[in-house]
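>>> Below is the sequence, then the predicted model.
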Amino acid sequence: MAGMNELANRLKELEDQLVICNRCGMCQSVCPLYEQTRKESDVARGKLALLDGLSKNLFTDPDGVDKRLNNCLLCGSCAANCPSGVSVLEIFIKARAIIAEFKGLSPAKRLIFKKMLANPATFDRLTEWAGKFQGLFTKSEKNAQGTSCARLVSPLLHDRHLLPMANKPFHKTRASVDTRTGRSGLRVAFFTGCIIDKMFPRIANDLLDVLEYHGVGTWIPGGQGCCGIPALASGDRATFEKLVEYHVDLFDSQKYDYLVTACATCTSTIKKLWPSIYGGKASGTREKIRQLSERTLDINQFLVNKVGLHDMGTGVDADGEAVTYHDPCHLKKSLGVFKEPRQLIQASGKNLVEMEGSDKCCGMGGSFNLYHYDVSSKIGTIKQKNIADTGCKTVSTGCPACMVQISDMLAKGGLNIRVRHPLELYAEFLRNQKLIT
């Protein structure tokens, strides 16, 4: 637990950031949570007003502050539309850390974050065991999304349609990778990310095939773990900083031009939160974080802007498959990346059909989905309808967590629409053209 002097300094830092907010209410018009609840306390303006008196409320009602502050998707819609440029997400995350350090983490969160997530090897072993035994608790559904449902009524699983863990995680099939640089003259390091490693290894394998086709050398160091966002979002700053230091050292052992990820959340965390939130005192780490964040790119961004896509020459593929695209909040709102995934889809020969509200949050929000599944589903149902209204065969998105949420919502509606990463569509096209195997 942090000392009171340290907490006082962090409170002062928050106060300096809070004065920028003029309570204009622009955040209210774009908040997906407020759209459902119509509660002022659920919108950024209401939470910032609450934080104005955090030093007092911390002692009088810490549980109330914690509950209200954690009732947030951290989607960044408020920050992206704030005319005053308030760093809302950074403020909320710092406030959560202050409250967690004052109250202490719950026993369950201490176990999950400090014993499991903070130790990549332990986390890998536990999730591998979970994958082996998942069939005892879930049964496969025959649908386009490939989801499973709970065998028994469970408060945790509720009526979710779950995407199963992979039979074998990516790190078990490719413990480490180091391929030679080809015609592009570029070499990248690949940050895999937890969900891709453990649920979507096919995306990582497609990434390797696509990069090889384009003559990009790829280095994947073994022993990777979580980017740290789950711990940070829950206020466990210590575990977040431990994971940052671990990965900075891991990726500092070889030279490469860019660090790429296929996960919108990992990209945003490394580029935005590692340099802005890290406060550790490890020698030289701050500068290494800055340098790493500056050369971190989303895979769509890297392929379009640094490599160049395969020239089809004929435009839309013969099958004319309609594909719509969902903008992950952490990709468009946090990083301003939205054109490149669409270009990748079009380069795959697909007929891109825009949905209404393509950049509206799907309702996932990481742990928000676990604690507030009812509201998460209501937000997700809006996304489900917008997807279905396009008449598409496939919905694509650059965030694995969004893929999980959208798969759940489409399965609930019994819709025969598959969910794919733009990279998968591009790799599928290259295979159909016999350009990769």
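Perfect, thanks for sending it.
>>> Please count neighbours and contacts with C-alpha atoms only from this point.
OK.
>>> Would you enumerate the residues in contact with the spatially most central residue of the chain?
For the chain, the residue lying nearest the average C-alpha position, counting by CA atoms, centre = their mean, turns out to be residue 265 (2.6 Å). Counting by CA atoms under 8 Å, 6 or more residues apart in numbering, residue 265 touches 330, 331, 399.
>>> Tell me the one of those nearest residue 24?
Among the contacts of residue 265, residue 330 lies closest to residue 24 (CA to CA), at 23.7 Å.
>>> The helix or strand the closest one falls within: what's the following helix or strand?
Taking DSSP states H and E as the criterion, residue 330 maps to helix 329-335. Next helix or strand after helix 329-335 toward the C-terminus (DSSP H and E): helix 339-347.
>>> what does that following helix rub up against?
Residues outside helix 339-347 that contact it (CA under 8 Å, 6+ apart) are 300-301, 304, 309-312, 315-316, 323, 325, 352, 397-398, 422-423, 425-426.
>>> avg pLDDT for that helix?
For helix 339-347, the mean per-residue pLDDT is 97.
>>> Where does the residue nearest to the centre of the chain sit: helix, strand or coil?
Following DSSP: H, G, I helix; E, B strand; the rest coil, residue 265 is assigned to helix.
>>> Next: residue 218.
Using three-state DSSP, the structure places residue 218 in strand.
>>> What's opposite it in the beta bridge?
When assigned by DSSP bridges, residue 218 has beta-bridge partners residue 188.
>>> Show the contacting residues for the spatially closest residue to residue 368 that is not a sequence neighbour.
Nearest non-adjacent residue to residue 368, counting by CA to CA, 6 or more residues apart in numbering: residue 73, 6.0 Å away. Going by CA under 8 Å, 6+ apart, residue 73 touches 33, 363, 364, 365, 366, 368.
>>> Residue 50 too?
When contacts are counted by CA under 8 Å, 6+ apart, residue 50 touches residue 65.
>>> same question, residue 413
Contacts of residue 413 (CA under 8 Å, 6+ apart): residue 384.
>>> got a pLDDT number for it?
96.
>>> ok, now the one 4 residues further on?
Listed pLDDT for residue 417 reads 98.
>>> Make 23 the starting number, not 1.
Shifting the count to begin at 23 puts that one at residue 439.
>>> what about it, neighbour count?
Per other CA atoms under 10 Å, the neighbour tally for residue 439 reads 20.
>>> need the contact list for the closest residue to residue 430 other than its chain neighbours.
In space, and not counting its chain neighbours, residue 430 is closest to residue 183: 4.8 Å by CA to CA, 6+ apart. With contacts defined as CA under 8 Å, 6+ apart, residue 183 is in contact with 169, 170, 171, 172, 429, 430, 431, 433, 434.
>>> least confident pick among the residues you listed?
Note: of those, the lowest pLDDT belongs to residue 172, at 80.
>>> partner residues bridging that residue?
Assessed by DSSP bridges, residue 172 has beta-bridge partners residue 160.
>>> so it touches residue 162, yeah?
No: if you go by CA atoms under 8 Å, residue 172 and residue 162 don't touch, sitting 9.0 Å apart.
>>> out of those two, which sits in the more crowded spot?
Just comparing residue 172 and residue 162: by other CA under 10 Å the higher neighbour count belongs to residue 172, 20 against 16.
>>> what residues go with each domain of this structure?
Listed domain ranges for the chain are 26-126, 195-329, 344-454 (source: automatic domain parsing).
>>> three-state assignment of residue 237?
With three-state DSSP as the basis, residue 237 sits in coil.
>>> contacting residues for the nearest residue to it once chain neighbours are set aside?
Spatial nearest neighbour of residue 237, excluding adjacent residues (CA to CA, 6+ apart): residue 204 at 3.9 Å. Residue 204 sits next to 234, 236, 237, 238, 239 when contact means CA under 8 Å, 6+ apart.
>>> Can you add neighbour count, distance to residue 139 and pLDDT and give the residues you listed back as a markdown table?
Compiled in a markdown table, the contacts of residue 204 are given as follows (neighbours: other CA atoms under 10 Å; distance: CA to CA, whole Å; pLDDT from 0 to 100):
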| residue | neighbour count | distance to residue 139 | pLDDT |
| --- | --- | --- | --- |
| 234 | 19 | 31 | 97 |
| 236 | 19 | 34 | 97 |
| 237 | 19 | 34 | 97 |
| 238 | 23 | 31 | 98 |
| 239 | 23 | 29 | 98 |
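>>> between the residues you listed, which is closest to residue 101?
Among these, and counting by CA to CA, the member closest to residue 101 is residue 238, at 35.2 Å.
>>> just to revisit the earlier point, including distance to residue 136 and neighbour count, could the contacts of residue 95 go into a markdown table?
Converted to a markdown table, the contacts of residue 95 look like this (distance: CA to CA, whole Å; neighbours: other CA atoms under 10 Å):
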| residue | distance to residue 136 | neighbour count |
| --- | --- | --- |
| 55 | 30 | 22 |
| 385 | 27 | 26 |
| 386 | 24 | 25 |
| 387 | 21 | 19 |
| 388 | 18 | 18 |
| 390 | 20 | 18 |
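>>> For those residues, work out which two are farthest apart.
For those, and using CA to CA, no pair is farther apart than 55 and 388, which are 14.1 Å apart.
>>> so where's the stretch 23-172 of the chain uncertain?
23-30, 77 (pLDDT under 70).
>>> can you give me the strands in it?
160-162, 170-172 (DSSP state E, counting those that start in this stretch).
>>> In TSV, list these along with distance to residue 32.
As requested, the strands of the stretch 23-172 of the chain are exported to TSV (distance: least, CA to CA, whole Å):
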stretch	distance to residue 32
strand 160-162	44
strand 170-172	43
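>>> what about the helices in the stretch 223-372 of the chain?
In the stretch 223-372 of the chain, the helices defined using DSSP state H, counting those that start in this stretch lie at 223-235, 251-255, 259-272, 286-290, 296-299, 307-316, 321-324, 351-357, 361-369.
>>> Count the residues that sit near the residue nearest to residue 199 when sequence neighbours are not counted.
Leaving out its chain neighbours, the residue that sits closest to residue 199 by CA to CA, 6+ apart is residue 242, at 4.8 Å. Residues near residue 242, counting by other CA under 10 Å, number 21.
>>> Make sure residue 242 is actually in contact with residue 212.
Yes: the pair residue 242 / residue 212 is scored as a contact, 5.3 Å apart, by CA under 8 Å.
>>> Now do the helix holding residue 352: everything it contacts.
By CA under 8 Å, 6+ apart, the residues outside helix 351-357 that reach it are 97-99, 102, 286-287, 289-290, 359-360, 381-383, 420.
>>> Send me stretch 295-312 as PDB with only the CA atoms.
Only the C-alpha atoms of stretch 295-312 are listed here, as PDB (Å, rounded to 0.1, in the frame of the first residue of the first chain):
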ATOM      1  CA  LEU A 295      -0.300   4.200 -21.200                       C
ATOM      2  CA  TRP A 296       3.200   2.700 -20.800                       C
ATOM      3  CA  PRO A 297       4.800   6.200 -21.200                       C
ATOM      4  CA  SER A 298       2.100   8.200 -19.400                       C
ATOM      5  CA  ILE A 299       1.400   6.000 -16.400                       C
ATOM      6  CA  TYR A 300       4.700   4.300 -15.700                       C
ATOM      7  CA  GLY A 301       6.200   5.800 -12.600                       C
ATOM      8  CA  GLY A 302       8.800   3.300 -11.600                       C
ATOM      9  CA  LYS A 303      12.400   4.100 -10.800                       C
ATOM     10  CA  ALA A 304      14.100   1.400 -12.800                       C
ATOM     11  CA  SER A 305      17.200   2.900 -14.400                       C
ATOM     12  CA  GLY A 306      16.800   4.000 -18.000                       C
ATOM     13  CA  THR A 307      13.300   2.300 -18.200                       C
ATOM     14  CA  ARG A 308      11.500   5.600 -18.900                       C
ATOM     15  CA  GLU A 309      13.600   6.400 -22.000                       C
ATOM     16  CA  LYS A 310      13.300   2.800 -23.200                       C
ATOM     17  CA  ILE A 311       9.500   3.000 -22.900                       C
ATOM     18  CA  ARG A 312       9.400   6.300 -24.800                       C
END
